[in-house]
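J.: Whatever this is, show me its structure:
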Amino acid sequence: MTRSHRLHDKLPCAQSAAADNASRTRRCSRCAGESAGSPEGGALLCLSYDSLIELVEHLKACQEIASTRTVNWQRFCGRSEVLAFLLQASYQLDEGVAPIILQLLQLAVSAPAAAAAGAGGKHAQSSSDSDPSSMSRQLARQLIGPGPLPAGTARFVRTFLLESNATAIRWQAHALVLSIYRSATSGPTRRRWSKLMWKLWAAACPSYGRKGRPSFVDLLGFMSLKTTEAEDKVRRRDRPAL
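T.: Numbering: from 1, shown residues only. Predicted structure coming up:
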C-alpha cells in the first residue's frame, strides 16, 4: 500500500473524530444549559440525574477521542468556543465531573507528554520551564487572551486549588494553570497571574487551612520568582542607558 493510500485511509477517521467531537460538545452544552449565568458569578448548576449521566457519557467520549487523537482534539478546539465552555463548566458543574473536564483542557493547552503527566495526580508536572508545542501555546493564549485575565479565572483557581477536597483534582488544576502560565509569553500577562495569586492568598487562602496550600503555594512561588526574574532582566538591560 502506498503512502498516499495510507493517508487517504486515515482521513475519514480524523474527519469522523472531529465531527464526533463537535457533536459531543454541542450535546454537553445543551446538557449543561446555555444560560448558565455570568462566567465569574454563575451559581452551581444542579442537573437532574439523567442529564448528569448523559453529560458524563458525552464528556467521556470526548476524553477518549482527545486522549488517542490529541492533535486532532487541539485542532478542533482551535476553531470553536469549546475551551471557554469547558473552563466555565468545570467550576459550575458537580465536582465529580471536574477530572474529565480538567483533562480535556489539559490535553488542549499542553504538549501531549505534559498533558499525560498532568492527568497523573500529585506532582505530575513540576514547576520547570519546558515549552509546550506551538499549537498548545496558541490554544492557551486563545483561552486566556493578551489582555486582562478572563472573568472566571479567579473562580477557577479558588474552586480547584483552595476549595476542592480532592488532592488529585488540586494537582490536576495545578498542572493546567502551570501550562497556561508558561504559554503566556508577554510580561504583563504573567504579572496579572502573579497579582491574582497574591490577591487570593491575602483574601482567601487563610480560610482554607493546609489542605489547599501545597499546590497553590507552589504556583504562587513559581509565578513570583518568574516575575522577579523578568523585572531583574529589564533593570539590567536598562541600566547601561541610565
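J.: Check the gap between the residue nearest to Val157 when sequence neighbours are not counted and Cys77 for me.
T.: Closest residue to Val157 apart from its sequence neighbours, by C-beta to C-beta, 6 or more residues apart in numbering: Leu200 at 6.2 Å. (Glycine included, C-beta is placed from N, CA and C.) Here Leu200 is placed at a distance of 27 Å from Cys77 (C-beta to C-beta, to the nearest Å).
J.: Over to Trp201?
T.: Counting by C-beta to C-beta - Trp201 and Cys77 are separated by 31 Å.
J.: Tyr91 too?
T.: Separation of Tyr91 from Cys77 (C-beta to C-beta): 19 Å.
J.: can you check Thr185 too?
T.: 19 Å.
J.: cool, Gln172 as well?
T.: From Gln172 over to Cys77 the distance is 18 Å, taken as C-beta to C-beta.
J.: swap in Glu64?
T.: For Glu64, the distance to Cys77 - C-beta to C-beta - is 16 Å.
J.: Comparing those two, which shows the higher neighbour count?
T.: Neighbour count, other C-beta atoms under 10 Å: between Glu64 and Cys77, Cys77 has more, with 26 against 12.
J.: Run through the residues that contact the more buried one.
T.: The contact partners of Cys77, taken as C-beta atoms under 8 Å, 6 or more residues apart in numbering, are Leu83, Ala108, Leu139.
J.: Sticking with the first one, tell me its helix or strand.
T.: Taking DSSP states H and E as the definition, one finds Leu83 inside helix 82-92.
J.: Quick check: buried residues in that helix?
T.: Residues Val82, Leu83, Phe85, Leu86, Leu87, Gln88, Ala89, Ser90, Tyr91, Gln92 are the ones in helix 82-92 that count as buried (16 or more other C-beta atoms under 10 Å).
J.: Out of those residues, flag the one nearest to Ala98.
T.: For the buried residues of helix 82-92, the residue nearest Ala98 by C-beta to C-beta is Ser90; the value is 5.7 Å.
J.: Where does the prediction get shaky in this structure?
T.: With pLDDT under 70 as the threshold, the chain has low-confidence stretches at 1-43, 80, 111-133, 205, 209-212, 230-242.
J.: so how far is His58 from Leu86?
T.: Counting by C-beta to C-beta - Leu86 and His58 are separated by 12 Å.
J.: Kindly report the same for Leu139.
T.: According to C-beta to C-beta, Leu139 stands 21 Å off from His58.
J.: what about the two, which has more around it?
T.: Leu139 (26 against 21).
J.: For the more buried one, pull up the helix or strand it's in.
T.: Going by DSSP H and E, Leu139 is in helix 134-144.
J.: Now do the buried residues in stretch 223-232.
T.: Met223, Lys226, Thr227.
J.: I misspoke; the intended subject was stretch 99-113.
T.: For stretch 99-113, the neighbour count (16+ other C-beta under 10 Å) marks 99-111 as buried.
J.: now stretch 56-76
T.: By 16+ other C-beta under 10 Å, the buried positions in stretch 56-76 come out as 56, 58-59, 61-63, 65-67, 69-70, 72-74, 76.
J.: Hmm, Phe156 and Leu87 touching each other?
T.: Yes: Leu87 is in contact with Phe156 according to C-beta atoms under 8 Å; the separation is 6.5 Å.
J.: show me what contacts the nearest residue to Gly78 once chain neighbours are set aside?
T.: Of all residues not flanking Gly78 in the chain, Leu139 sits nearest, at 6.0 Å (C-beta to C-beta, 6+ apart). Leu139 makes contacts with Gln74, Cys77, Gly78, Leu83, Ala108, Val109, as judged by C-beta under 8 Å, 6+ apart.
J.: Also Arg158?
T.: Contacts of Arg158 by C-beta under 8 Å, 6+ apart are Leu200, Ala204.
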